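Visitor: build me a structure from this.
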Amino acid sequence: LTARRSHLFEDAYATISGMSDEDLNKRLVVSFRDEEGVDAGGLSREFFLLASHRIADRQLALFEPASNGELQIDPNSSVHSEDTVDMFTFVGRIVGLALANDKLLDVVFAPAIYKMLLGDKPGLEDLAEVEPELYRSFSYMLNNPAGDLLDDFTFSVTQAHFDSHETVDLIPNGRNISVTEANKAEYVDLRTQWAVVEKVAIQAAALVQGFNEVVPHALVEGLDWRDLKILLTGTPVISPIRWRIHTEYTGYTSTSDTIRHFWQTVQSWDHANRAKLLCFVTGTSRLPAGGFDALAGVGETEKFHIAKGQGNGLPTSHTCHNVLILPPYPTAKMLKEKLEYAINETAGFGEA
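Guide: Prediction:
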C-alpha cells in the first residue's frame, strides 16, 4: 500500500477496496509517497494510527461520538454518501487488517460495535450510550412495577427523518399494541435492538462483512468484546514510571544528565504529549495489552530504547525498532523545547 499523506484515506480506500481475498491475507506493507523508509513495522503502525483518526473524523460522517465519547455508527450516515455501504466495508477491512497485522487503532468504538464484529447480540447496557434517558427509563421499568409509565409506550417507535416523522412497528401492528407488565421485557428488548442495531443495520452489516473478509468469524468465535477491544486499541494509560523501567540505553546510562532531564520532561507532560512522544518513537500512540514490555518491533517485541545522538539538532527515531535518537542537550530547557518541537511539528519517518 502506497499512500500520499495528504490523501491517505482516499488512497487506502482505492487500494484496500480492490484487494483480493489472497491479498487481504498477506502482511500489509506501507509506504508514504515521496518519503524514505522501508516498512519493517513502523510505517504500518503509523498508517493505522492516521487511518483511525480519519475514520473518527465527523466530516466523513460515518461515526459519531456516543455519550461517553466512544464511537458509534451515525444513523444518518446513509444519507451523506452514495458510497456508504462500500465505505463501511472498507472500514471493516481496516479494522480486520489491524487485528490480522497485530497493529493498534487510535480509536475506541462503543461496545455494541465490537459485539457486532464478533456476531454477538448487543444488550440493554448498550442503549446507555445511544439513548441514555431511555436506558434509565427501561432499567427502572424492568426492575419495578411500571404502572402509569407503560401508558406512554406501544410496540412502535417514531423515527425522525429531517423534517418528517415516521412510525416504525417493532412487531406487526405494533403501534396499536400497548406495553404491559406481562410483555414489557419483550418490548424493551425489541426497542433496544432497534436503537442499537436495526437503525444502523445496513452500515453494520457492511462493517461486519469487511471485517470478516480479513478475519473469518471462526477465528474470533468465543472472544469477548472486551478482549477484542484490547487487541485493537491496547491501553491508553501511559505510566512514566513503567515507561522508565522498560527503557534501555545506548551511549547513556539511567543516571546521565540528559536522561534525567528527559524523564523529568516526560513526567511533567500531560497524557497528550506522552502519547505524541510514544507515537514519534514507536509509530503508535497507544500501548499494546502487555504494556511497555510488549512493544512491537521487527518480528518480535523490542523495548523502548534511547540512543545518544550528535550535536544539538532535533531528536529523531527509528520507529521499527522503537529507538529515540536523543542528542546530549546541555540544559533541561533545551531538551524540553527540542523534544516538544519534534513531537508536535514533524511528520514522516526518515528512518523507519
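
Visitor: just checking, residue 60 touches residue 54?
Guide: Yes - Residue 60 lies in contact with residue 54 (C-beta atoms under 8 Å); the separation is 6.6 Å. In this view, the C-beta of every residue, glycine as well, is placed from N, C-alpha and C.

Visitor: joint contacts of those two?
Guide: The contact sets of residue 60 and residue 54 overlap at residue 9 (C-beta atoms under 8 Å, 6 or more residues apart in numbering).

Visitor: following the worst-scoring helix or strand of the chain on mean pLDDT, which helix or strand shows up next?
Guide: Scoring the helices and strands of the chain by mean pLDDT, DSSP states H and E places strand 156-161 at the bottom, with a mean of 83. The helix or strand immediately downstream of strand 156-161 is strand 164-169, counting by DSSP states H and E.

Visitor: other residues contacting the helix or strand following that next one?
Guide: Counting by DSSP H and E, the next helix or strand C-terminal to strand 164-169 is helix 184-196. With contacts defined as C-beta under 8 Å, 6+ apart, helix 184-196 is touched by 112, 121-124, 126-127, 130-131, 134, 138, 141-142, 146, 150, 153, 155, 157, 168, 170-171, 179.

Visitor: which is the next helix or strand following helix 184-196?
Guide: helix 201-214.

Visitor: show me what that next one packs onto, helices and strands only.
Guide: helix 21-24, strand 71-73, helix 84-100, helix 111-117 (3 or more C-beta pairs under 8 Å, 6 or more residues apart in numbering; DSSP states H and E).

Visitor: recalculate using a threshold of 7 Å.
Guide: helix 21-24, helix 84-100, helix 111-117 (3 or more C-beta pairs under 7 Å, 6 or more residues apart in numbering; DSSP states H and E).

Visitor: can you tell me the SS state at the closest residue to residue 344 other than its chain neighbours?
Guide: Nearest residue to residue 344, sequence neighbours excluded (C-beta to C-beta, 6 or more residues apart in numbering): residue 276, at 6.6 Å. What DSSP: H, G, I helix; E, B strand; the rest coil gives for residue 276 is helix.

Visitor: confirm that residue 249 sits in a helix.
Guide: No - secondary structure of residue 249 (three-state DSSP): strand, not part of a helix.

Visitor: residue 88: neighbour count?
Guide: 25 (other C-beta atoms under 10 Å).

Visitor: I'd assumed residue 207 was in contact with it.
Guide: Yes - using C-beta atoms under 7 Å, residue 88 makes contact with residue 207 at a distance of 4.6 Å.

Visitor: what about residue 217, distance to residue 70?
Guide: 23 Å (C-beta to C-beta, to the nearest Å).

Visitor: show me which of those two is the more surrounded one.
Guide: residue 70 (17 against 12).

Visitor: per-residue pLDDT, that one?
Guide: Confidence at residue 70, expressed as pLDDT, is 90.

Visitor: could you pull out the helices for the stretch 1-150 of the chain?
Guide: 8-17, 21-24, 42-55, 84-100, 111-117, 124-130, 132-143 (DSSP state H, counting those that start in this stretch).

Visitor: which other residues reach the third one?
Guide: For helix 42-55, the external contacting residues (C-beta atoms under 7 Å, 6 or more residues apart in numbering) are 8-9, 12, 28-32, 37, 60, 62-63, 91, 94, 98, 101, 103-107, 279, 282-285, 319-320, 349, 352.

Visitor: and if you look at stretch 153-168?
Guide: Under C-beta under 7 Å, 6+ apart, the answer for stretch 153-168 is 169-171, 174-179, 187, 190-191, 194.

Visitor: now swap in stretch 287-305 and tell me
Guide: 40-41, 102, 104, 230-231, 234-235, 238, 242-243, 246-248, 250, 281-282, 320-323.

Visitor: any quick PyMOL command for the buried ones out of those residues?
Guide: Per 16 or more other C-beta atoms under 10 Å, the buried members of the contacts of stretch 287-305 correspond to this PyMOL selection:
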select buried, resi 40+41+104+230+231+234+238+243+247+281+282+320+321+322+323
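
Visitor: so which of the contacts of stretch 287-305 are in strands?
Guide: 247-248, 250, 323 (DSSP state E).

Visitor: can you list the strands that the least confident helix or strand of the chain pairs with?
Guide: Partners of strand 156-161 in the sheet, by DSSP bridges, are strand 164-169 (antiparallel).

Visitor: how far does the partner strand sit from the chain's center?
Guide: 33 Å (C-alpha atoms, centre = their mean, to the nearest Å).
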